[in-house]
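> any chance you can model this:
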Amino acid sequence: MSLNNLSIRLQVLIPLLLASLLMLLMAVISKQEIDGAIQDMNETTASVTRHKDDIAALIHATYRLRTNAIYGLYDEALFAQLPAQLSAAEQEIGAILTRLVVTGAEQDNRQVAAALQAYLGHTRSSMLPLLTAKYQGSGDPAAYEQARLHFRDLGEALIKQIDAMSVHINQLTQTEIAEEQAHYRATLLRTLLLMGGTLIAALLGGWWISGRIVQPIGQLQEVMHAVALGRFNVRANAEGNNELGQLARDINRTLSQLANTIQTLTGISGNVASAATELAAVMTQAEVNAQQQRGETEQVASAVTELASTADNVNHNAALADELARDANSRSSRGWPCLPKASRPTAAWRAVWRTPRLWWPGSSPSPSRSAR
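As a prediction, this is how the structure comes out:
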């Protein structure tokens, strides 16, 4: 299953879960190994303690044996109990030697057993008969003295063999303890290395998974950088069904809509530019027409000015003519009675005279007409 189909939250939790499982597994394994090492050390410690107790019991039994033998040799009352005491001490020391079978100390155990048998054998075969004869008054003092010295030498040899076995067992025990300590340290070091390796593996796994998580984000960053540079034809890699895949699809839809909008705006800009060009041509033609119309208007204004000047002249002339007419009328009125009847105007002329005259603009009616 591809990681692109997993949620970002799950992708983040996967390394943590793997690291937790690995750490738990390493903790269980390490606990087992450490518990085994501790158990071995405990067993070694218990064995050392038991061996020391057995050696102490062996030394105590040996000294008791020698003490009983010595007292039995010099005390006739205790001499009768000596054979039974020798047998009891032999059984006790034999049981102790059976328990003291230590790996590497078998030879010492056999030597102690041989020294014990030599001591007991000399005591039973030589000392007991010589003491019996001595107490009966028929013993050989020289043979007794020689046997007694040999008895002492065998006792000292037994003690030396026990001491040598004790020292050897102590050395073996120290060596075993050192081995167990080295085993414990090695186990602890191996545990730490395993835990470190597990942690490194978890970190590498987390780094790899985080790279898989960051890779789509880097692709989206490259897409947005290209969009910032004006390249709207780029598209994000929309793989998977997680949050990044949905984001990539949304970005692709946004870029498609943005590209369509830009294309539409580009078309509108082209149309606006074409219309602006046409409008500029129309404005240029309108400016030419306005200049032409202004010229014509100036010509009309010039003509109107000339016409107004002419009208003023005509008006002046009309006013002058009217003045002259009024003057002539006044003169004719004064001269009317002086004319003979034949020279007077007829009724038709007077009718024409009474007809209203046409006046030029700016002229006023004749006072004589108003009076009439």
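> residue contacts, Arg185?
When the contact criterion is C-beta atoms under 8 Å, 6 or more residues apart in numbering, Arg185 has no partners at all. No exception for glycine: its C-beta is placed from N, CA and C like everyone else's.
> can you start the count at 773 instead of 1 from here on
Let's use 773 as the start, then, which means that last one is Arg957.
> look at it and report its pLDDT.
The model reports Arg957 with a pLDDT of 87.
> mind giving me the packing neighbours of the helix or strand harbouring Met813?
For Met813, the element it lies in under DSSP states H and E is helix 780-846. When contacts are defined as 3 or more C-beta pairs under 8 Å, 6 or more residues apart in numbering; DSSP states H and E, helix 780-846 sits against helix 848-851, helix 854-871, helix 878-894, helix 913-1000.
> which stretch among those helices comes nearest Ile780?
Across the helices and strands packed on helix 780-846, Ile780 has its closest neighbour in helix 913-1000 (6.6 Å, C-beta to C-beta).
> can you count the residues close to Thr1033?
11 (other C-beta atoms under 10 Å).
> tell me how far it lies from Arg836.
Counting by C-beta to C-beta, to the nearest Å, the gap from Thr1033 to Arg836 is 113 Å.
> what's near enough to touch Met937?
Met937 touches 827, 872, 877, 880-881, 883-884, counting by C-beta under 8 Å, 6+ apart.
> can I get the helices and strands packed on helix 780-846 in a markdown table with distance to Asn814?
Putting these into a markdown table (distance: least, C-beta to C-beta, whole Å) gives the following:
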| stretch | distance to Asn814 |
| --- | --- |
| helix 848-851 | 45 |
| helix 854-871 | 19 |
| helix 878-894 | 24 |
| helix 913-1000 | 9 |
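> buried stuff in stretch 856-873?
Neighbour-count burial for stretch 856-873, counted by 16 or more other C-beta atoms under 10 Å, picks out 857-858, 861-862, 864-865, 868-869, 872.
> no no, stretch 883-902
For stretch 883-902, the neighbour count (16+ other C-beta under 10 Å) marks 883-885, 887-888, 890-892, 894-895, 898-900, 902 as buried.
> next: stretch 918-936.
Using 16+ other C-beta under 10 Å as the test for burial, stretch 918-936 gives 919-920, 923, 926-927, 930-931, 933-934.
> domain assignment for the chain?
Here the domain parsing of the chain from automatic domain parsing is 784-987, 1089-1143.
> burial count for the closest residue to Thr817 other than its chain neighbours?
Of all residues not flanking Thr817 in the chain, Ile949 sits nearest, at 7.6 Å (C-beta to C-beta, 6 or more residues apart in numbering). Applying other C-beta under 10 Å, we find 15 residues neighbouring Ile949.
> so can I have a markdown table of the domains of the chain showing distance to Thr1082?
Listed next are the domains of the chain as a markdown table, based on distance: least, C-beta to C-beta, whole Å:
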| stretch | distance to Thr1082 |
| --- | --- |
| domain 784-987 | 98 |
| domain 1089-1143 | 10 |
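> quick one, which of those domains gets closest to Asn1014.
Between Asn1014 and these, the tightest spacing by C-beta to C-beta is seen for domain 784-987, at 9.5 Å.
> for the buried residues of stretch 856-873, which one is nearest Ser1102?
Leu872 (189.9 Å).
> that closest one against Asp826, yeah?
Yes - with contacts counted by C-beta atoms under 8 Å, Leu872 reaches Asp826, the gap being 5.0 Å.
> now the closest residue to Phe1004 other than its chain neighbours: which helix or strand?
Spatial nearest neighbour of Phe1004, excluding adjacent residues (C-beta to C-beta, 6+ apart): Ala1031 at 4.8 Å. Secondary structure assigned from DSSP H and E places Ala1031 in helix 1015-1107.
> distance from that helix to the middle of the chain?
How far helix 1015-1107 lies from its chain's middle: 73 Å, per C-alpha atoms, centre = their mean, to the nearest Å.
> which residues are in contact with the residue nearest to Thr817?
Per C-beta under 8 Å, 6+ apart, neighbours of Ile949: 813, 816-817, 820.
> cool, and Gly927?
Gly927 touches 838, 841, 891, counting by C-beta under 8 Å, 6+ apart.
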